[in-house]
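Novice: whatever this is, show me its structure:
(one chain, ligands or ions: 1)
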Amino acid sequence: MFASWLKSSNDITAQFLAAGKLPDMVNLGGGLPDAGLYPETEIKSYAAQILYGSSSEWLEYAPVAGIASLRQAIAKLETENGLASAPENILVTSGGLQGLSIVGQAFLDFGAPAAVQSPAYLGLIDAWRPRQPEWASFNVHDTQALKAAFTASNLAYLMPAFANPDGACLADQELEHIVQVAAEHGTLMVEDDPYRELYFDTPTPLSLSARAKAAGLPYLHIGSLSKTLAPGLRAGWINAPAEIIERLTLVKQGSDMTSPGLPQLLAEAAIRNRLMDTQLPKLRAAYKARCSALLNALDTHLGDWFEWRAPTGGMFVWVTSKREDIDTTKLFEAGLKHGVCISPGVVFDPIGADTKTARLNFTFNTEAKIEEGVRRLAKAVQDTLR
Ligand SMILES: Cc1ncc(COP(=O)(O)O)c(C=O)c1O
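Specialist: Numbers count the residues shown, from 1 in each chain. Here you go, the predicted structure:
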């Protein structure tokens, strides 16, 4: 009855999303902002102005490419972040994820190779799976693997700033090298960039897309306000040369016609009122402290079994087991019994083979809860080794 690609969809994501909501479960598995830090008061006041104002624009079908004032606001935001943009470069999407899905539909023929930075964002794997791509996974730090993947595919998915899941943030030299390889092979880069603003101390290097544009190359920059404002607004975008946006707008039209108007107007008000200027320093300080708490707890409780690299921003610490006998898919199950939920590495592997790694989130919980979660995880490791 169902299309054949559905046979290969992952069911573990739903399991860990459900597990994360159980009472008394410490959820280190999700990728959620801290709900206590949402700018609720400001958003409510924008909503009141929109709902009780004289325009009923929010009740109408919005233009397919997005409400004009929001396209303009996003173009300004992108320009401030180093990627010079005009409204015609912006396609408003329902979250960054819809942007990725639209790109997959527009550029991937069925069964075509897709170069994917791995470990990969599992939403990307889910979004592109219906195209049944031949996954050409590459480690972004391995120049040979990168070249091989860019040779195999004319579309490459990258997360240069605080990758999900492994938290890696690429330096200027690596970014320049990637643009050069893309230019040599004619590869179109899909830069997925929702975490750029969540650095702890040092601002994130210029995006791949800004560098590609400066070099006269095409680019696809996928942005989102989910991690900096609120995921419930589903405010995302694709930034690309205008002729590409025109074609992608046709794909969006066949997908949901238009993103809902009210969240678009809320996102526009937030950008216009420069809400991020007050919001981002709060998030950076809170997340830096929580990341430290997680790293300290890991040192105390898991240092014999796992290794990791301290991130400089983003939302995650990526741990890799030092021992052959630790299987993180089994550890995920054992963790649930001990009241802690993690994301096992298997869900970030396009071919589902990784059993050595796991992603731990530090943004959602308080420092005390993070410590408790890691303590429980250590007990779960002991269980799996028995
Ligand atoms: C790497 C990456 N890309 C895109 C997204 C999509 O976010 P949204 O659709 O909420 O904008 C996420 C969310 O977790 C992510 O981690």
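
Novice: every contact and neighbour count from this point should use C-alpha atoms.
Specialist: Noted.

Novice: quick one: furthest residue from the center of the chain?
Specialist: Going by CA atoms, centre = their mean, the residue of the chain most distant from its centre is S54, 36.5 Å out.

Novice: could you confirm it falls within a helix?
Specialist: No - applying DSSP: H, G, I helix; E, B strand; the rest coil, one finds S54 to be coil, outside a helix.

Novice: and the pLDDT at it?
Specialist: Per-residue pLDDT puts S54 at 90.

Novice: try T13
Specialist: For T13, pLDDT reads 67.

Novice: near the ligand, which residues of the stretch 51-200 of the chain are found?
Specialist: G95, G96, L97, Y121, N164, D192, P194 (CA under 6 Å from any ligand atom).

Novice: can you tell me which two in those are farthest apart?
Specialist: Taking CA to CA, the two most distant members of those are G95 and N164; they sit 15.6 Å apart.

Novice: quick one: which of these two has more around it?
Specialist: N164 (27 against 23; other CA atoms under 10 Å).

Novice: run a quick neighbour tally on the residue lying closest to the more buried one once chain neighbours are set aside.
Specialist: Nearest non-adjacent residue to N164, counting by CA to CA, 6 or more residues apart in numbering: Y121, 5.4 Å away. A total of 22 residues lie near Y121 under the criterion other CA under 10 Å.

Novice: ok, back up a step: for the ligand, see how far away the residue farthest from the centre of the chain is.
Specialist: Here S54 is placed at a distance of 30 Å from the ligand (CA to the nearest ligand atom, to the nearest Å).

Novice: is the ligand within reach of stretch 263-283?
Specialist: No - contact of stretch 263-283 with the ligand (CA under 6 Å from any ligand atom) is absent, the minimum separation being 12.5 Å.

Novice: only the buried residues of that stretch, if you could.
Specialist: Buried residues in stretch 263-283, defined by neighbour count with 16 or more other CA atoms under 10 Å: 263-272, 275-276, 280, 283.

Novice: need those in TSV with pLDDT and secondary structure, can you?
Specialist: Listed next are these as TSV, based on pLDDT from 0 to 100; DSSP: H, G, I helix; E, B strand; the rest coil:
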residue	pLDDT	secondary structure
P263	97	helix
Q264	98	helix
L265	98	helix
L266	98	helix
A267	98	helix
E268	98	helix
A269	98	helix
A270	98	helix
I271	98	helix
R272	98	helix
L275	98	helix
M276	97	helix
L280	98	helix
L283	97	helix
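
Novice: in the protein, which spans are helices?
Specialist: Along the chain, the segments classed as helices by DSSP state H run 12-19, 40-51, 68-80, 95-107, 122-128, 143-152, 172-185, 208-214, 242-255, 261-272, 275-301, 328-337, 367-385.

Novice: looking at the ones you listed, which is nearest to E88?
Specialist: Closest to E88 of the helices of the chain, according to CA to CA: helix 242-255, at 5.5 Å.

Novice: would you mind getting the angle between that closest one and helix 95-107?
Specialist: Counting by axes from the mean of the first three to the mean of the last three CA atoms, to 10 degrees, helix 242-255 lies at 100 degrees to helix 95-107.

Novice: starting at the chain centroid, how far to helix 242-255?
Specialist: Remark: helix 242-255 is offset 22 Å from the chain centroid, using CA atoms, centre = their mean, to the nearest Å.

Novice: ok, now stretch 355-365?
Specialist: With CA atoms, centre = their mean, you get 14 Å for stretch 355-365.

Novice: right, is it up against the ligand?
Specialist: No - Stretch 355-365 does not reach the ligand (CA under 6 Å from any ligand atom); its nearest approach is 11.2 Å.

Novice: kindly export that stretch (C-alpha atoms) in PDB.
Specialist: Backbone C-alpha positions of stretch 355-365 (Å, rounded to 0.1, in the frame of the first residue of the first chain) are rendered in PDB as follows:
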ATOM      1  CA  THR A 355      26.700   2.000  17.600                       C
ATOM      2  CA  LYS A 356      29.600   3.900  19.200                       C
ATOM      3  CA  THR A 357      28.300   7.400  19.600                       C
ATOM      4  CA  ALA A 358      25.600   9.400  21.300                       C
ATOM      5  CA  ARG A 359      24.400  13.000  21.300                       C
ATOM      6  CA  LEU A 360      23.800  14.800  24.600                       C
ATOM      7  CA  ASN A 361      21.800  18.100  24.800                       C
ATOM      8  CA  PHE A 362      22.800  20.800  27.300                       C
ATOM      9  CA  THR A 363      20.200  23.500  26.500                       C
ATOM     10  CA  PHE A 364      16.900  22.100  27.700                       C
ATOM     11  CA  ASN A 365      17.700  21.200  31.400                       C
END
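
Novice: mind listing what's buried along it?
Specialist: T355, K356, T357, A358, R359, L360, N361, F362, T363, F364, N365.

Novice: gap between the second one and the ligand?
Specialist: Between K356 and the ligand the computed distance is 20 Å (CA to the nearest ligand atom).
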